[in-house]
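Engineer: Turn this into a structure:
(one chain, ligands or ions: 1)
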Amino acid sequence: MIRFDDYDFKGKKALIRVDFNVPLNDKREVTDDNRIRAAAPTILKILKDGGSVVLMSHLGRPKDGPEEKYSLKHVIPVLEKHLNGTSVKFVDDCVNDDARKASSQLKAGEVLLLENLRFYKEETAGDEFFAGQLAEHGDCYVNDAFGTAHRAHASTTVVANFFPKDKMFGYLIEGEIESIDKVLHSKEKPVLAIIGGAKVSSKITILESLLPNVDHLIIGGGMAYTFVKAKGGTIGNSLVEDDYLETALSLLKKAEAKGVQIHLPSDTRIADDFREDASTDVCPTNAIPDGWMGLDIGPDTITAFVELITKCKIILWNGPMGVFEMDAFAKGTIDVANALVTATEKGAFTLVGGGDSVAAVNKYKLADKVSYVSTGGGAMLEYLEGIELPGIAAIRG
Ligand code: AMP
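Structural biologist: This next block holds a predicted model:
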């Protein structure tokens, strides 16, 4: 496999799959430019080497052909800013004659952005002919879209077959893989995973697959109450998945057998309604009164979790500790995020991944104070679970 830094892009046209699936407001302005910023180093390096760049991405979920609101032209101003003012050419299709003409006329140092790949249903279908049409745009293929690496789409996977040798990951995917591998194969200890969020059902596979790799596992958020109930606690009206009580118990047993210490919240901030202005109180997590629900970890738990986090050397965080979207129940998530920052300052490697924990570190402006923030929630979880991602396999061969 070719490493990105070892490839000579001089005089080459690089076809790059980027992930510009960014949120837009009503005025079609980009409201979160993280993914565009994250793609810039790969693009700039190719331009600096004397190559040219053809960018392809999806945006949103167009249903049936082109839709103005999902046009990639909306990202151009932000992209040009992150490319230090390099002007970006745009073509309103990704495979037609205009698109082919635009890429064939591209000169060294120039950047061309193709229109949304998902305006063609062939993209998500992984259509081979469509992938071949895309492949014609480049002399080499760079996959830098980690967020879609778990999908076997035409531009993320099938297109790589048209580049038997000249295919590689960009800096972004290289960084993502390196970070996850650091968590999975670290020699440093202790290794801690903090898993929160709403449901056990959506996190059980990741919890199980982390057991061989971690020393400590913090379970927070709504999913903690299923574990507490499984252990015989009373959880009032808190979120629970009764179908997963057995699964929760079995995970606790497996953890014990492997010597992994599980940390559940000892106390909980409870509320008498799922509302920002509900009455609140604090009680032991296993003794929540009827009519009350746990919406955040409590103060004793925060102290214990913060102490543990700041002692660990490798830390993965996925999922909030409570309903952090409401300020009244955000303290657990904020304090955990800050503890990760402290741990990072003390030399720990800290990886944050998964939609809501990434949203949390961004909300509290801590993203650049942890070691790595993953751009691909679903892809990161699947990679951690040991699943071979099609977009990664297509390059590694
Ligand atoms: P996930 O997508 O599974 O990581 O879950 C994230 C969601 O879990 C966020 O929207 C949180 O508001 C929600 N959540 C976290 N803790 C709780 C809780 N104690 N009760 C209900 N929802 C929660």
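
Engineer: What's the local residue count around the residue in the stretch 151-300 of the chain that the ligand sits nearest to?
Structural biologist: Residue of the stretch 151-300 of the chain nearest the ligand, by C-beta to the nearest ligand atom: Gly197 (2.5 Å). Using the backbone N, CA and C atoms, a C-beta is placed for each residue, glycine as well. A count of nearby residues for Gly197, using other C-beta atoms under 10 Å, gives 21.

Engineer: Compute the distance between the closest residue to it other than its chain neighbours and the ligand, please.
Structural biologist: Leaving aside its sequence neighbours, Gly197 sits nearest to Gly319 (C-beta to C-beta, 6 or more residues apart in numbering; 3.1 Å). The gap separating Gly319 from the ligand is 4 Å, by C-beta to the nearest ligand atom, to the nearest Å.

Engineer: doesn't Asn318 make contact with the residue of the stretch 151-300 of the chain closest to the ligand?
Structural biologist: Yes - with contact defined as C-beta atoms under 8 Å, Gly197 reaches Asn318; the gap is 7.2 Å.

Engineer: Overlap in contacts, those two.
Structural biologist: Both Gly197 and Asn318 are in contact with 203, 354, where contact means C-beta atoms under 8 Å, 6 or more residues apart in numbering.

Engineer: one step back: and what about the residue of the stretch 151-300 of the chain closest to the ligand, helix, strand or coil?
Structural biologist: For Gly197, the assignment made with DSSP: H, G, I helix; E, B strand; the rest coil gives coil.

Engineer: List the contacts of it.
Structural biologist: Contact analysis of Gly197 by C-beta under 8 Å, 6+ apart lists 203, 221-223, 318-320, 354, 356.

Engineer: In helices only, show me the residues you listed.
Structural biologist: Applying DSSP state H to these, the entries found in helices are 203, 356.

Engineer: out of the contacts of Gly197, which is most surrounded?
Structural biologist: Neighbour max across these (other C-beta under 10 Å) = Gly221, 32 neighbours.

Engineer: Once you drop chain neighbours, what's closest to that one?
Structural biologist: Gly196 (3.2 Å).

Engineer: Could you check how far the one you found is from Leu239?
Structural biologist: To Leu239, Gly196 is 12 Å away according to C-beta to C-beta, to the nearest Å.

Engineer: One more: Val352?
Structural biologist: Distance of Val352 to Leu239, given as C-beta to C-beta: 23 Å.

Engineer: Neighbour count: these two, which is higher?
Structural biologist: More crowded of Val352 and Leu239, by other C-beta under 10 Å: Val352, with 25 against 19.

Engineer: so what's that one bridging to?
Structural biologist: Beta-bridge pairing for Val352 (DSSP bridges): Trp317, Val373.

Engineer: is it true that it touches Leu340?
Structural biologist: Yes - using C-beta under 8 Å, Val352 is in contact with Leu340, at 7.0 Å.

Engineer: Name the residues contacting each of the two.
Structural biologist: Common neighbours of Val352 and Leu340 (C-beta under 8 Å, 6+ apart) are 317, 361, 370.

Engineer: Compare these and tell me which is most surrounded.
Structural biologist: Most crowded among the shared contacts of Val352 and Leu340, counting by other C-beta under 10 Å, is Trp317 at 30 neighbours.

Engineer: Contact partners for it?
Structural biologist: Residues near Trp317 by C-beta under 8 Å, 6+ apart: 193-194, 336-337, 340, 350-353, 357.

Engineer: one more time with 6 Å
Structural biologist: Residues near Trp317 by C-beta atoms under 6 Å, 6 or more residues apart in numbering: 194, 352, 357.

Engineer: can I assume Val111 is in contact with Val88?
Structural biologist: Yes - in terms of C-beta atoms under 6 Å, Val111 counts as a neighbour of Val88; the distance is 4.9 Å.

Engineer: Between the two, which has more neighbouring residues?
Structural biologist: It is Val111, of Val111 and Val88, that has more neighbours when counted by other C-beta under 10 Å, with 23 against 19.

Engineer: Flag every buried residue along stretch 307-327.
Structural biologist: Across stretch 307-327, burial judged by 16 or more other C-beta atoms under 10 Å covers 308-310, 312-324, 326.

Engineer: Sitting in strands, which of the residues you listed do you find?
Structural biologist: Members of the buried residues of stretch 307-327 lying in strands (criterion: DSSP state E): 314-318.

Engineer: where do the helices sit along the chain?
Structural biologist: Counting by DSSP H, the helices of the chain are 34-48, 76-82, 97-104, 122-125, 128-135, 171-184, 200-210, 224-230, 245-258, 299-309, 331-345, 355-363, 377-384, 390-396.

Engineer: Can you name the residues of the stretch 51-200 of the chain sitting close to the ligand?
Structural biologist: The stretch 51-200 of the chain has residues 197-199 near the ligand, with proximity defined as C-beta under 6 Å from any ligand atom.

Engineer: Share the number of residues neighbouring Cys331, please.
Structural biologist: Actually, residue 331 is Lys rather than Cys. Lys331 - counted by other C-beta under 10 Å - has 18 other residues nearby.
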